[in-house]
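Asker: what's the 3D shape of this:
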Amino acid sequence: MNKFERGAWLVGVAVLAMSLSVGMARAEHHSDDPFNRPGPYVGLGASWMVEGFQDRTASGDFGNSWGGNARFGYRLHEIFGLEGIYEYGDDFGAHQVVPEGARIRTHSFSVNGKLIVPVGRFNPYLMGGVGFLNADADRSISSRSNWDADGTSFMGRFGGGVDLWATENIALYVDAAYTIPVDEVSDLNHFSLGWGAKYAF
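Answerer: Below you'll find the model as predicted:
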């Protein structure tokens, strides 16, 4: 793990820890702003995932992938929240692997802290957290033991985004994040652009 990746992990853990500590301490606060009130929410959307594969796996000339994301969270305070994110990458197809068309699918889940700027209906935020990444490589890839492209390992995730509230209960979201796995799938760094809608209870 290089210096950038270590720093990114630290940022993700720091944002998560800060949101937990400060948010829990202020969880009883109730905002008068209907767009920035504490409470649970769920969301569903699509993802465009850009490979940033590292080291040996980068030599496979993999492509990008469409996917999907689902999230559930709890806004502890108008500026702090916790969010669980599941993201699926459908097909990081390879061009240089024989046979051509070999692919990697990914599933990830992370628990993230959110630092939110509550500007009425417009809520930009930073997020960071930790979780797991599972990579499912087809046989032609997984048989190449010099590639870290198959298995399940810890990961860090950090990024930012914005929620735009259409009503008091429904918001559109867009976010961008960078995922950094370790161990068995440590080569599978990637960027994710996610968008969708969420419902706040």
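Asker: which residues in this structure form helices?
Answerer: Here the chain has its helices, by DSSP state H, at 3-25, 139-142.
Asker: Going by mean pLDDT, which of those helices comes out lowest?
Answerer: Ranked by mean pLDDT, the helices of the chain end with helix 3-25 in last place, scoring a mean of 54.
Asker: So what pairs up with residue 106 in the strands?
Answerer: With DSSP bridges applied, residue 106 shows beta-bridge pairing to residue 89, residue 135.
Asker: Pull up the per-residue confidence for it.
Answerer: Residue 106 is assigned 95 on the pLDDT scale.
Asker: low pLDDT regions in this structure?
Answerer: For the chain, the stretches with pLDDT under 70 are 1-31, 95-101, 139-148.
Asker: again, only using 80
Answerer: For the chain, applying pLDDT under 80 flags the ranges 1-33, 56-61, 94-102, 138-149.
Asker: which residues of it fall in strands?
Answerer: Using DSSP state E, the strands found in the chain span residues 39-51, 65-77, 80-93, 103-116, 122-137, 151-165, 170-181, 190-200.
Asker: among the ones you listed, which is nearest residue 59?
Answerer: strand 39-51 (12.3 Å; CB to CB). Backbone N, C-alpha and C define where each C-beta goes, glycine included.
Asker: Next, the angle strand 80-93 makes with that closest one.
Answerer: 30 degrees (axes from the mean of the first three to the mean of the last three CA atoms, to 10 degrees).
Asker: In strand 39-51, which residues are buried?
Answerer: Neighbour-count burial for strand 39-51, counted by 16 or more other CB atoms under 10 Å, picks out 41, 43, 45, 47, 49, 51.
Asker: Tell me how far the first one lies from residue 126.
Answerer: So that's residue 41. From residue 41 across to residue 126, the span is 18 Å (CB to CB, to the nearest Å).
Asker: same thing with the third one?
Answerer: When distances are taken as CB to CB, residue 45 and residue 126 turn out to be 19 Å apart.
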